[in-house]
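> Generate coordinates for the sequence data below:
(2 chains)
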Amino acid sequence: MSSIELQNINYIYSAGTPFEKAALTDVSVTFGGGVITGLIGHTGSGKSTLVQLMNGLMKPTSGTVLLDGKDIWAEPKKIRDVRFRVGLCFQYPEYQLFEESVMLDIAYGPKNMGLSDAEVKRRVADAVRFVGLDPSLMQKSPFDLSGGQKRRVAIAGIIAMEPEVLILDEPAAGLDPVGREEIFGGVRAFQRERNSTVIIVSHSMEDMARYSDELVVMDHGRVHMTGRTSEIFRRSGELTKVGLDVPQITRLMNILRNAGAEIPDDIFTVDRAAEELTKLLAERKG
Amino acid sequence: MLKDITIGQYFPGSSPLHRADPRVKIILTVMYIVGIFMAKNVWSFVFAVVFTAALVIISRIPAKTILRGMKPLIYVIAFTAIINIFWTKGEKPLVEWKFIHIYAEGLQFAALMIVRIIALLAGTGVVLTYTTSPIALTDGLERLLGPLKKIKIPVHEFSMMMTIALRFIPTLIEETDKIMSAQKARGASFDSGSLPQRAKALIPVMIPLFVSAFRRADDLAVAMECRCYRGDVGRTRMTELHMKPLDWILLAAFAAFIAVTVVINIFAPGFSI
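Numbering: from 1, shown residues only, chains lettered A, B, ... in the order given. Predicted coordinates:
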């Protein structure tokens, strides 16, 4: 179980020029092992910068990034090893597919790690299982697949590296509900089976309510709140202030509660809401 | 990072030179070059330098930026100076050593040449390249070259291609950056290994980049057609260019620059070339 700890991170774009812009200011946060953490925040709040600092694609202007207590920049020449341990899947990853076949594309990362052919094969097969791809697609060109399938191939390409920390930037953006479900389900399965640390950047409060255990809320380059997902979504006032919101169903429940209905304040999914409402209606009848 | 590459030298601002009509600025540039090459003696050179300095001040482009822009041309300037010093013949040599003869005229000539090149770079820079965005420049060129359409030269198509290319350079650079980061996250390394290895490492970047460039081109073509683009004929413009008083004043000032230069050439005494 690996953890990533960021200590007093500052990141400034184009430092020393008139276009200087602080993207992150004094960020200190720890992403602990064995849970799915949601990273949420308004557009431009520094989420994308933060995730790129975590696998060494960008170097903080000041501050340290610790992976299992070790500074990832202690040996800059070995930064590639950090990238294998901290897998980062960018937004719209289907635009980076390039190989002749799905199989080869997923194997690109593991091959770069210098693994044996047998091991690469095993990892590809495992990754394909996690993201729920049909094995009959393996020999097809990735460019012949549908959008949702391409997305899954790209995510499998990261999962096949079996990173200790898996970071996904908006993995379900632009997918239909079934596609979202499949991707998040696969990520959950990967996290449980490997007991790894997963960080998901998302704009969808509904997805976060269903799939994340903890949340980190960013605002204007700072960490605004951290806590269990259920705790954060109880603080709807504070979320609104930073341009975010609670899940729609929670908003509805809040309206009902304010109107006098006896409904608990920790309902974040439709299933739970249905359960509570049926109970409430049964009470009224009885 | 790739993002830091600037296209052209455009330096945004709101000075009179920034606000002038791009067509006028292209004409002014030609007039300026003519004026500079007409300067023949020391006094007309002094006048040209003063005029250029005035343009730089009006444009509000920092002198530092302009000087930095000249850096790559330092060798050309030095080479010109050396050629002129050694190859100009005069009346009495200042230095005579073996085959080297340096005359006072040579030194003067070299000095004026340096002044001329520096003034040309600074002047054309502040009149055109620093103060005109690449898009405005292509637009201005299209209209100035408009008459060529009569002899079947596709001026509009060329300028549309230029405009689109310029528009997409930053987008594609950003895209390249993104794809490179994504492949780096999968263990690609672009800055180590032998040359063939490095070239091979670029395949995972080039293929997605081409795919996305074609996709963008397709999307753009459809978007243009949806908005009824069918080429030049019957097309109106959102920003019609009109000559404003500022443009006439600038044209008059540059005409005066040429006229005064000619007058000084004729009447002022001093070393002339």
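
> For the rest of this, base every contact and every neighbour count on C-alpha atoms.
Noted.

> Show me which residues of the stretch 101-250 of chain A sit near chain B.
Residues of the stretch 101-250 of chain A lying near chain B by Cα under 8 Å from any Cα of the partner chain: A:108-109, A:112-113, A:157-158, A:161.

> Filter the residues you listed down to just the buried residues.
Buried members of those, counted by 16 or more other Cα atoms under 10 Å in any protein chain shown: A:108-109, A:113, A:157-158, A:161.

> helix or strand right after the helix or strand containing B:Met161?
Using DSSP states H and E, B:Met161 maps to helix B:155-185. As assigned by DSSP H and E, the chain's next helix or strand after helix B:155-185 is helix B:195-201.

> Can I get the helix or strand following that following helix in CSV, CA atoms only?
Once the chain leaves helix B:195-201, the next helix or strand it forms, by DSSP H and E, is helix B:203-226. Output in CSV follows, covering the C-alpha atoms of helix B:203-226 (Å, rounded to 0.1, in the frame of the first residue of the first chain):
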residue,chain,number,x,y,z
ILE,B,203,6.5,7.4,-33.2
PRO,B,204,4.1,7.2,-30.3
VAL,B,205,3.9,11.0,-30.5
MET,B,206,3.7,11.5,-34.2
ILE,B,207,1.0,9.0,-34.9
PRO,B,208,-1.6,10.4,-32.4
LEU,B,209,-0.6,13.9,-33.5
PHE,B,210,-1.3,13.2,-37.2
VAL,B,211,-4.5,11.4,-36.3
SER,B,212,-5.7,14.4,-34.3
ALA,B,213,-4.6,16.9,-36.9
PHE,B,214,-6.6,15.1,-39.6
ARG,B,215,-9.6,15.0,-37.2
ARG,B,216,-9.3,18.7,-36.5
ALA,B,217,-9.1,19.5,-40.2
ASP,B,218,-12.2,17.4,-40.9
ASP,B,219,-14.1,19.1,-38.0
LEU,B,220,-13.1,22.5,-39.2
ALA,B,221,-14.1,21.8,-42.8
VAL,B,222,-17.5,20.7,-41.6
ALA,B,223,-17.9,23.6,-39.2
MET,B,224,-17.0,26.0,-42.1
GLU,B,225,-19.5,24.4,-44.4
CYS,B,226,-22.2,24.5,-41.7
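
> now what about helix B:203-226, what contacts it?
Contacts to helix B:203-226, defined as Cα atoms under 8 Å, 6 or more residues apart in numbering or on different chains, come from residues A:95-99, B:172, B:175-176, B:179-180, B:183.

> between those, which is closest to A:Gly148?
Comparing the contacts of helix B:203-226 against A:Gly148 with Cα to Cα places A:Tyr95 closest, at 12.1 Å.

> Tell me how far that closest one lies from chain B.
Using Cα to the nearest Cα, to the nearest Å, A:Tyr95 is found at 6 Å from chain B.

> Report how many residues lie close to that residue.
Counted with other Cα atoms under 10 Å in any protein chain shown, residues neighbouring A:Tyr95 total 21.

> so it, which of the three states?
helix (DSSP: H, G, I helix; E, B strand; the rest coil).

> Quick one: residues contacting it.
By Cα under 8 Å, 6+ apart, the contact set of A:Tyr95 is B:179, B:208, B:212.

> A:Tyr92 too?
Applying Cα under 8 Å, 6+ apart to A:Tyr92 gives the contacts A:151, A:170-171, A:173.

> make it 6 Å
Under the criterion of Cα atoms under 6 Å, 6 or more residues apart in numbering or on different chains, A:Tyr92 has no neighbours.

> Backbone dihedrals for the one residue in chain A that gets nearest to chain B, please?
Proximity of chain A to chain B (Cα to the nearest Cα) peaks at A:Gly109, 4.7 Å away. According to degrees, to the nearest 10, the main-chain angles of A:Gly109 amount to phi -60, psi -60.

> Which pLDDT does the model give the nearest residue to A:Ser202 once chain neighbours are set aside?
Leaving aside its sequence neighbours, A:Ser202 sits nearest to A:Glu170 (Cα to Cα, 6 or more residues apart in numbering or on different chains; 5.0 Å). pLDDT recorded at A:Glu170 is 93.
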